[in-house]
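1. A predicted structure for the sequence below; I have some questions about it.
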Amino acid sequence: MSNDADDPIAAARDRSPLLRSYAEQYGESTPFAGLTVGVSAPLTPHTGLFIDVLASGGAEVFATGEAGSTHADVVAWLREQPGVTPLADAGTSHEDLVGARRELLEQEPDLLADDGAHLLGMVHEEFPDVAAGVRGACEQTTGGITRLRTMDDQDALAFPVYDVNGTPMKQHFDNVHGTAESSLSAITSLTDAMLAGSVAVVAGYGHCGRGIARKLRALGARTVVTEVDPRKALSALADGHDVAPMGEAVQDATFVIAATGRYHVLRREHLDALPDGVVLASIGSAIEIDTGALADEATQIEERSPGVERYRLPGGRAVTLLTRGQVVNLSAPDSDGNPGEVMDTTFAMMARGLAALADGVGLPPGLHPVPDRLDREVAHEKLAAMGVGIDEVSDERRAYHQQWEAHAGAGAGANDGSDDEPSE
């Protein structure tokens, strides 16, 4: 275990066996030698460790952060690392961060690692000549992939982009467990409120929403899910949650937690239905809560404590907004985002994806799934690091499932546990 009190990524490093091993492996194989990598992500200790892995692999790394989630000690540490240039500081305004992204893209990066598709959108909109020279990119967020899918549908992507957010490791491990745990920790720390007995409205039942709704219910909250997808709404009902439109759901809410990554899921038309004392938080992106409408309606805005603002609405109702609508588990004071154990696997997927793109995978421009082989390898590596073993499919079983002619009708109607290999 590291005991270096001056190393802001020491704790993250201790909980990240994959990234520790990648730093060592890449230091020998140098998959990024001679390449420039641009990183746009919250500059937390976990991101600092990821950047260190890229630099260990020979990359020249330029990094920008996000408003409200840039750690001053991490930036200072990165400035001391060879081959790394951070372009953001703690407290940097949104406008300055936009300028920092432009400065990064002026370095003509070969590879991009993005969180929210900020760099990827900008390089296509403002730097088409730079985009023409990019080998590829990785995106790790739901909101970013939503934007990239639109670009891909319009044939607007100039290079291949790996959808890291779509990997089973990211969805079922990071999104379901990591985001849920760190977000609830931030919310309870900021509010000093008890979850048991509360009414928690969760907007969105994707992997992040599913994870936080399940954990809220396990802690004694009554959970209400809002959705626009009827299939996810049915899934939420089957999991034991109530389901209602936002305008109805919020009327008795203690907490409203936006987990969609989409634009203005809580907006002006819902404000009249908010009860006195309700707490609003976003765990998906900074665009989910219409904070402008909330400010317009307020007769008074008071900062109660760092990361906690109270809006007094007509009629005297008080609405508490956490971290100004920014992603709460990244923007809350003293919050490092998701636990190191899950960021270890997510950034391992990002590193593996970038290494594959650096090596030249022959993909056409567009949005692509990360090869299942890489996802499985990362999962196996994580299990090995945890000292956990699993079964292997025997040759006999594999042969049985490959000889479809001999048993084309056998097992009809059976419930498969896996999309490709049989599961127990």
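-> Here it is on my side, so go on.
2. what sits against Gly220?
-> Residues in contact with Gly220 (Cβ atoms under 8 Å, 6 or more residues apart in numbering) are Leu195, Ala196, Gly197, Ser198. C-betas here are computed from N, CA, C, even on glycine.
3. now a PyMOL select for only the buried ones of the residues you listed.
-> Only the buried entries of these go into this PyMOL selection, using 16 or more other Cβ atoms under 10 Å:
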select buried, resi 195+198
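4. low-confidence ranges in the stretch 301-424 of the chain?
-> Within the stretch 301-424 of the chain, the stretches with pLDDT under 70 are 404-424.
5. ok, which stretches of it are strands?
-> In the stretch 301-424 of the chain, the strands defined using DSSP state E, counting those that start in this stretch lie at 308-312, 318-322, 366-369.
6. tabulate these (TSV), appending mean neighbour count.
-> Output for these, formatted as TSV (neighbours: other Cβ atoms under 10 Å):
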stretch	mean neighbour count
strand 308-312	19
strand 318-322	21
strand 366-369	16
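7. which stretches of the stretch 201-350 of the chain form helices?
-> Residue ranges of the helices in the stretch 201-350 of the chain, as given by DSSP state H, counting those that start in this stretch, are 207-218, 230-238, 246-249, 268-271, 291-297, 328-331, 340-359.
8. state the next helix or strand along the chain beyond the host helix or strand of Asp152.
-> For Asp152, the element it lies in under DSSP states H and E is helix 142-153. Note on helix 142-153: by DSSP H and E, the next helix or strand toward the C-terminus is strand 160-163.
9. that next one pairs with which strands, parallel or anti?
-> The strands that strand 160-163 pairs with in its sheet are strand 136-139 (parallel), strand 366-369 (parallel) (by DSSP bridges).
10. TSV for these, including distance to Thr85?
-> Putting the strands paired with strand 160-163 into TSV (distance: least, Cβ to Cβ, whole Å) gives the following:
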stretch	distance to Thr85
strand 136-139	19
strand 366-369	28
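11. so which of those strands is nearest Asp336?
-> Nearest of the strands paired with strand 160-163 to Asp336, taken as Cβ to Cβ: strand 136-139 at 21.1 Å.
12. can you show me the CA trace of that closest one as CSV?
-> Taking C-alpha atoms only, strand 136-139 is exported to CSV below (Å, rounded to 0.1, in the frame of the first residue of the first chain):
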residue,chain,number,x,y,z
GLY,A,136,-9.7,7.0,-33.1
ALA,A,137,-11.4,7.8,-29.8
CYS,A,138,-13.2,6.2,-26.8
GLU,A,139,-16.3,7.6,-25.1
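13. compute the mean per-residue pLDDT across that strand, please.
-> What strand 136-139 shows for mean pLDDT is 98.
14. test my guess that Thr320 contacts Pro275.
-> No - counting by Cβ atoms under 8 Å, Thr320 stays clear of Pro275, with 11.6 Å between them.
15. give me the below-cutoff pLDDT ranges for the stretch 1-150 of the chain.
-> For the stretch 1-150 of the chain, applying pLDDT under 70 flags the ranges 1-5.
16. all strands of it, in order?
-> Remark: strands assigned in the stretch 1-150 of the chain by DSSP E, counting those that start in this stretch are 36-40, 60-64, 84-86, 111-114, 136-139.
17. got the angle between the second one and strand 36-40?
-> Relative orientation of strand 60-64 versus strand 36-40 (axes from the mean of the first three to the mean of the last three Cα atoms, to 10 degrees): 20 degrees.
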